[in-house]
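A.B. asks: Okay, here's the prediction I keep looking at, along with the sequence it came from:
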Amino acid sequence: MPTSKRRQRGGRRVPVDRRRLPAGPLLEAVDAYAARRQQPVEDLLDDALQDRLRDATRSGTVTVGSAERCCDQLGWHPRMLWGEVYDQAIADDTPHTAIAPAGTATAWRQGCRCLDCRDANARRATAHRGREHQRDPPR
């Protein structure tokens, strides 16, 4: 079941954590793990992850973020469960839309709209803000 990287309306990009994966592999693996450990699922996962598993059972899909949190709690990597489907879901195929200015020490391009550059530029902007930044209110 291929995952959709675009919303149905508007064609806007969906953040990686909110992209969907089929829930079947996760539900089967969690049930098998609980059976092997001879413990109920409730003892293996916290309440928030149990809620997410219930939602996944109901909808038949799970978000990448929820899948990663559940796998982290159980010591797995999502690629173990979904393989190529996971790789396709997290792939960001948006091309770089801006060239890096001459002398730029970073690979992240200012003004580029791909998700990686946008996130990196946002982090850099907040990290480099000094005490007397022009956007800070006067004291």
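C.D. replies: Everything's here; your move.
A.B. asks: Next, count neighbours for W82.
C.D. replies: 24 (other CB atoms under 10 Å). In this view, the C-beta of every residue, glycine as well, is placed from N, C-alpha and C.
A.B. asks: how much space between it and R20?
C.D. replies: 11 Å (CB to CB, to the nearest Å).
A.B. asks: which stretches of this structure form helices?
C.D. replies: Using DSSP state H, the helices of the chain run over 24-37, 41-44, 47-59, 64-74, 78-82, 84-90, 115-127.
A.B. asks: Export the ones you listed to TSV and append columns for mean pLDDT and distance to V14.
C.D. replies: Listed next are these as TSV, based on pLDDT from 0 to 100; distance: least, CB to CB, whole Å:
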stretch	mean pLDDT	distance to V14
helix 24-37	94	19
helix 41-44	89	28
helix 47-59	92	16
helix 64-74	92	10
helix 78-82	93	17
helix 84-90	89	10
helix 115-127	64	10
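A.B. asks: Output those helices as CSV; include the columns distance to P15.
C.D. replies: Shown next, in CSV, are the helices of the chain (distance: least, CB to CB, whole Å):
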stretch, distance to P15
helix 24-37, 20
helix 41-44, 28
helix 47-59, 17
helix 64-74, 9
helix 78-82, 16
helix 84-90, 11
helix 115-127, 7
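A.B. asks: ok, back up a step: who touches both of W82 and R20?
C.D. replies: Common contact partners of W82 and R20 (CB atoms under 8 Å, 6 or more residues apart in numbering): A89.
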